[in-house]
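> Sequence first, predicted coordinates after that:
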Amino acid sequence: MLTQIGDGVHLSGGTDVNWVLVQDGDALTVVDTGYPGDADRLDASVRELGLAPGDVTAVLVTHAHVDHVGSVARWWEQHGVPVLMHGDEVPNATGERVESATTLDVARRAWRPRTALWAARISRLGATAHPTFGHARAWADGVPLDVPGVPVPVHTPGHTSGHAAYLFPAAGVLVTGDALVTGHAISRRRGPQQLPGFFTADGVQAERSLERLRDLDADTVAPGHGPPWQGSLGDAVDQALSRRP
């Protein structure tokens, strides 16, 4: 189900993860694509706007983890939808580098009921796979992209080396991926926060990246996990930094 969070901007949820659709007439930008097992739900969210996957102009990737790139290869093969990301994230997309929590990382925490239930849920969606694809194109940091919504990419390394947020200035929406979330299935916390530390490649760098978001011109956060959040980005960053994982 879609939630409109800005002019032409919609947040949609898969299984414990979000993606964002930005519509401009008959064209669409999609940010992230959920797990492989969320593919039908992703397609349905596009059709809810009266469009089809073939109408997607581009997929913007915040980072190449399985819960964010599950349909990237499928859409490329079926519709030729291009994929854009930061250059430092391309090695994660090709499989040349892997920066993600391992099955062992999750197993060590599976004594917690929330973690065990979450792990069982996502394993049915292909979460143990590491999707790879070689067709991603890199963009230049800070240069608006010529796709619907004209987003400005913001490099926010830490969760992964090439993690990025996307600012949609006209709508006042910042898509934060996993750099800043408002909840997660294994956490009791609600509101702006960082993900538990074992998910993140470089925690120190992740905190520095949060500071890059502080003064951006947006009042709505569309996170990779959790509900949308409205208010000052400075307040959101302060809350996230006060809740160190």
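Happy to help now that I have it.
> The helix or strand of the chain with the lowest mean pLDDT: which residues count as buried?
Within the chain, no helix or strand scores below helix 103-107, which has a mean of 80 by mean pLDDT, DSSP states H and E. For helix 103-107, a neighbour-count test (16 or more other Cβ atoms under 10 Å) marks Val106 as buried. Any C-beta I mention is one placed from the backbone N, CA and C, and that applies to glycine too.
> Can you give the contact residues for that helix?
If you take Cβ atoms under 8 Å, 6 or more residues apart in numbering as the criterion, helix 103-107 is touched by 115, 119, 128, 198.
> in which helix or strand would I find the second one?
Which is Ala119. Using DSSP states H and E, Ala119 sits within helix 113-123.
> helix, strand or coil for the closest residue to Arg124 other than its chain neighbours?
Spatial nearest neighbour of Arg124, chain neighbours left out: Gly37 (6.4 Å); criterion: Cβ to Cβ, 6 or more residues apart in numbering. Put simply, Gly37 is helix when judged by DSSP: H, G, I helix; E, B strand; the rest coil.
> I'd guessed Pro151 sits against Phe168; true?
Yes - if you go by Cβ atoms under 8 Å, Pro151 and Phe168 touch, sitting 5.1 Å apart.
> neighbour-wise, which of the two wins?
Neighbour count, other Cβ atoms under 10 Å: between Pro151 and Phe168, Pro151 has more, with 29 against 26.
> From Thr103, how far out is the more buried one?
Pro151 is 33 Å from Thr103, where distance means Cβ to Cβ, to the nearest Å.
> again with Ala171
Applying Cβ to Cβ, the value for Ala171 to Thr103 is 38 Å.
> if we can go back for a sec, mind listing what's buried in the helix holding Ala119?
Within helix 113-123, the residues scored as buried using 16+ other Cβ under 10 Å are 115, 118-119, 122.
> With stretch 205-212 instead?
Within stretch 205-212, the residues scored as buried using 16+ other Cβ under 10 Å are 206-207, 209-210.
> for stretch 126-137, same thing?
Neighbour-count burial for stretch 126-137 [16+ other Cβ under 10 Å]: 126-127, 131, 133, 136.
> hang on, the earlier thing: any chance of the buried residues of helix 113-123 in TSV, plus distance to Val61?
Output for the buried residues of helix 113-123, formatted as TSV (distance: Cβ to Cβ, whole Å):
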residue	distance to Val61
Thr115	26
Trp118	22
Ala119	24
Ile122	19
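> Among those, which one sits closest to Thr160?
Proximity of these to Thr160 (Cβ to Cβ) peaks at Ile122, which lies at 18.1 Å.
> The closest one contacts Asp16, correct?
Yes - contact criterion Cβ under 8 Å: Ile122 and Asp16 qualify, at 6.7 Å.
> Now for those two: what residues contact both?
With Cβ under 8 Å, 6+ apart as the test, Ile122 and Asp16 both reach Asp67.
> for this structure, what are the low-confidence residue spans?
Where the chain drops to pLDDT under 70, the residues are 244-245.
> ok, now which ones touch the spatially most central residue of it?
Nearest residue to the geometric centre of the chain (Cα atoms, centre = their mean): Gly177, 3.3 Å. Neighbouring residues of Gly177 by Cβ under 8 Å, 6+ apart: 31-32, 62-63, 68, 156, 159, 163-165, 223-224.
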